[in-house]
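Engineer: Need a 3D model of the sequence below.
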Amino acid sequence: MEHLQSSIGGRVMADDDLAAIVGSRLCHDLVSPLGAIGNGVELLSMIQGASDELTLVEDAVRVAQARVKLFRLAFGRAHEMQDIRASEVIEALTSLSSGGRLSVNTAAITQPLPRICAKRLTLAALCLENALAYGGEITVTPDRVTGNSPRLKIDPDLWEPLVAGQSPAEMRSDTVQFALLASTGPVTIEDGAEGLTIRV
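Structural biologist: Numbering: from 1, shown residues only. Next up, the predicted model:
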């Protein structure tokens with residue numbers, strides 16, 4: 001027992017690693033029940049026939065499944081030397097358009113991406129979702145994410161620390177992506193007339 005306690009005591013896990021593992025666990029445990037709900041709705045459609053109510057539930061489940069995959073890529077642990085299929089990255093990013101306010105262009109994602117790259121791209125897309133509060137388009141390539149809109153919402157308390165590779169002074173659950181993106185490595189931000197680009 002003393003040896004076991006000594007071994008455990010000698011291992012110190014960084015807070016960001018622990019948070020990523022928790023994020024992975026939460027998303028993993030949500031996938032199965034969401035899939036079960038989707039299967040149940042499909043069976044009801046076969047038995048009772050299609051209806052507006054079932055279509056509404058089916059659409060909600062599909063959006064929730066895609067959003068969980070997005071969160072798993074963005075907030076989960078990114079193992080080295082692990083690749084993510086292009087279709088998985090595209091499906092996750094497309095969930096950003098579920099509300100109809102945003103459109104997402106992922107045409108440039110055609111090959112598998114390293115897991116850490118997919119993590120940084122999805123975090124960058126979530127940052128740009130914050131800036132596109134009034135709608136617009138997010139375009140994702142293997143090394144950058146661009147948000148275009150005639151009206152951008154730029155909060156200097158979020159974007160200035162990100163440029164400096166730091167976390168925002170105030171940590172909030174709805175803007176945690178800014179802190180996480182800064183923690184994964186440096187980014188370059190280009191501010192255009194109607195667009196904002198994050199190079200990762």
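
Engineer: CA only for contacts and neighbour counts going forward, please
Structural biologist: OK.

Engineer: low-scoring stretches of the protein, by residue?
Structural biologist: Applying pLDDT under 70 to the chain flags the ranges 1-37, 193-194.

Engineer: Where do the strands of it begin and end?
Structural biologist: Taking DSSP state E as the test, the strands found in the chain are 83-84, 102-105, 113-114, 136-141, 144-148, 188-191, 195-199.

Engineer: can you tell which of these is closest to residue 169?
Structural biologist: With C-alpha to C-alpha as the criterion, residue 169 lies closest to strand 188-191 of the strands of the chain, at 19.2 Å.

Engineer: Neighbouring strands of the closest one in the sheet, and parallel or not?
Structural biologist: strand 195-199 (antiparallel) (DSSP bridges).

Engineer: what's near enough to touch residue 90?
Structural biologist: Contacts of residue 90 were listed using C-alpha atoms under 8 Å, 6 or more residues apart in numbering, and they are 106, 109.

Engineer: Actually, residue 141.
Structural biologist: Residue 141 touches 106, 107, 108, 109, counting by C-alpha under 8 Å, 6+ apart.

Engineer: how close does it sit to residue 110?
Structural biologist: 9 Å (C-alpha to C-alpha, to the nearest Å).

Engineer: got the strands of the chain as CSV, with distance to residue 71 columns?
Structural biologist: As requested, the strands of the chain are exported to CSV (distance: least, C-alpha to C-alpha, whole Å):
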stretch, distance to residue 71
strand 83-84, 14
strand 102-105, 16
strand 113-114, 16
strand 136-141, 16
strand 144-148, 17
strand 188-191, 23
strand 195-199, 19
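
Engineer: Count the residues that sit near the nearest residue to residue 187 once chain neighbours are set aside.
Structural biologist: Counting by C-alpha to C-alpha, 6 or more residues apart in numbering, residue 200 is the residue found nearest to residue 187 once chain neighbours are left out, at 5.1 Å. Residue 200 sits with 19 neighbouring residues when counted by other C-alpha atoms under 10 Å.

Engineer: again, but for residue 70
Structural biologist: 27.

Engineer: Same question for residue 139.
Structural biologist: By other C-alpha under 10 Å, the residues close to residue 139 number 18.

Engineer: ok, it to residue 45 distance?
Structural biologist: 35 Å.

Engineer: do the same with residue 200
Structural biologist: Taking C-alpha to C-alpha, one finds residue 200 at 44 Å from residue 45.

Engineer: what's the first-to-last distance across stretch 151-158?
Structural biologist: Taking C-alpha to C-alpha, stretch 151-158 runs 17 Å from one end to the other.

Engineer: Not counting that stretch itself, show me its contacts.
Structural biologist: Residues outside stretch 151-158 that contact it (C-alpha under 8 Å, 6+ apart) are 130, 131, 132, 133, 134, 167, 168, 169, 175, 178, 194, 195.

Engineer: Report the distance from it to the chain centre.
Structural biologist: Chain-centre distance of stretch 151-158: 19 Å, with C-alpha atoms, centre = their mean, to the nearest Å.

Engineer: Could you pull out the helices in the chain for me?
Structural biologist: Here the chain has its helices, by DSSP state H, at 2-9, 15-48, 52-75, 86-94, 115-131, 156-163, 176-183.
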